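Asker: 3D, please:
(2 chains)
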Amino acid sequence: EPEVTQTPSHQVTQMGQEVILRCVPISNHLYFYWYRQILGQKVEFLVSFYNNEISEKSEIFDDQFSVERPDGSNFTLKIRSTKLEDSAMYFCASSEAWDRLYGYTFGSGTRLTVV
Amino acid sequence: AQTVTQSQPEMSVQEAETVTLSCTYDTSESDYYLFWYKQPPSRQMILVIRQEAYKQQNATENRFSVNFQKAAKSFSLKISDSQLGDAAMYFCACAPLTGTASKLTFGTGTRLQVTL
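Answerer: Residues are numbered from 1 along each chain as shown, chains lettered A, B, ... in the order given. Okay, the predicted model is just below:
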């Protein structure tokens, strides 16, 4: 069964450093998403991406965050200057089409720890 | 805007018994999907079951079924013949079918314990 692959599984970074979280969506999917889950809390939407541009972003997704699809396969989330409160599990997801939500697949997540 | 409410932070069920997890939601959209996701200790998000709001028939997937009450905006998950592997966090989620991409709005989750 096709999978969404995220790397690394766990990243530790110092406050103020830049981090890039990487995702390889399912190959024929067109819509890409990042979600965040602070430990013990609910999963929150960050951003959706389609046709090489952001479709929608949440209030959490401020100027410190950016996404891109640099080579047609990877989908990355960059945090420019990490804060302690960015420590969370970050999930990438992809879907074949906006209305084909049965194909909405999550990756295994990247645990980001900011120290 | 959408909200999803799960009023049961924790539930417990004995192995082989049946348990129902509650979820209510609010949305202004006319077309939307509802989901239950399972999150085991590995923290991966695994789709358990989904329901299209325009379908009146309740979705079922093996031991998992939903009770979808559209007028009441209620979407509960029933797990029959509970197994130890069912122990996990369960999240209810809603996504509209409008716009160019659909985002999921999640509830706060219910932690399910399965006892012998």
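
Asker: Tell me the pLDDT of the residue most central in space within chain B.
Answerer: In chain B, the centroid-proximal residue (Cα atoms, centre = their mean) is B:W36; its distance is 2.9 Å. We have a pLDDT of 96 for B:W36.

Asker: Now A:L84. Its backbone dihedrals?
Answerer: Its backbone dihedrals place A:L84 at phi -60, psi -40, with angles given as degrees, to the nearest 10.

Asker: meant to ask about B:S42, not that
Answerer: Dihedral angles for B:S42 - degrees, to the nearest 10 - are phi -70, psi -10.

Asker: quick one: contacts for the closest residue to it other than its chain neighbours?
Answerer: What sits nearest to B:S42 in space, not counting adjacent residues and going by Cβ to Cβ, 6 or more residues apart in numbering or on different chains, is A:S108, at 7.2 Å. Every C-beta, even on glycine, is put in place using the N, C-alpha and C of the backbone. Residues counted as contacts of A:S108 (Cβ atoms under 8 Å, 6 or more residues apart in numbering or on different chains) are A:T5, A:Q6, A:S9, B:S42, B:R43, B:Q44.

Asker: And for the third one, nearest residue in space, chain neighbours not counted?
Answerer: The shortest distance from A:S9 to any non-neighbouring residue, by Cβ to Cβ, 6+ apart, is to A:T110 (6.3 Å).

Asker: So what sits opposite B:V13 in the bridge?
Answerer: Beta-bridge partners recorded for B:V13 (DSSP bridges): B:V114.

Asker: so B:A1 sits right up against B:S28, yeah?
Answerer: Yes. Under the criterion of Cβ atoms under 8 Å, B:A1 makes contact with B:S28 at 7.1 Å.
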